[in-house]
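# predicted structure and sequence below. I'll ask about it afterward.
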Amino acid sequence: MLNLKRNLCFLVVLIGLVLVFSNCAKTGKVYWVYYNQTQCADKWGSYTNNEDLKLKITSYFDSKGVDVYDIEIFSNGIANACLDCTCKTGKRIKLKVRKRDLDEVKQEGFYE
């Protein structure tokens, strides 16, 4: 009976490890990229709050085949004192994406 429990425990741990490592292999290496938000020139459009902004960014990149694993929004930048669409708001958007998607997000104005 003790041998059966030990084998069962070993099997559960082994299956868990396989699942963890197979998931890591699927996602590959991930990177954080940054974007300084503009007054109105962002390609994902306008938004009502940060949660809505996150949904719009995710939807925008989904349409381009880019998986966004995490989004963080910070309001610690310096806003430009101008009214042009390309003026910065002071918000910085941080995305976690796969290495294979880096070129795509960089074309959208993000940087490492």
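That came in fine, so what should we check first? Numbering: from 1, shown residues only.

# and residue 41, what is it in contact with?
The contact partners of residue 41, by CB atoms under 8 Å, 6 or more residues apart in numbering, come to 85-86. Every C-beta, even on glycine, is put in place using the N, C-alpha and C of the backbone.

# ugh, typo on my part, it should be residue 44
By CB under 8 Å, 6+ apart, the neighbours of residue 44 are 53, 56-57, 59-60.

# check contacts around residue 50.
Shown here is residue 50, whose contacts under the criterion CB under 8 Å, 6+ apart are residue 73.

# next SSE after the helix or strand of the chain with the lowest mean pLDDT?
Least confident element among the helices and strands of the chain, by mean pLDDT, DSSP states H and E: helix 2-27 (a mean of 53). Next helix or strand after helix 2-27 toward the C-terminus (DSSP states H and E): strand 30-38.

# verify the stated contact: residue 77 with residue 90.
Yes. Using CB atoms under 8 Å, residue 77 is in contact with residue 90, at 4.3 Å.

# would you say residue 60 is within a strand?
No. When classified by DSSP: H, G, I helix; E, B strand; the rest coil, residue 60 is found to be helix rather than part of a strand.
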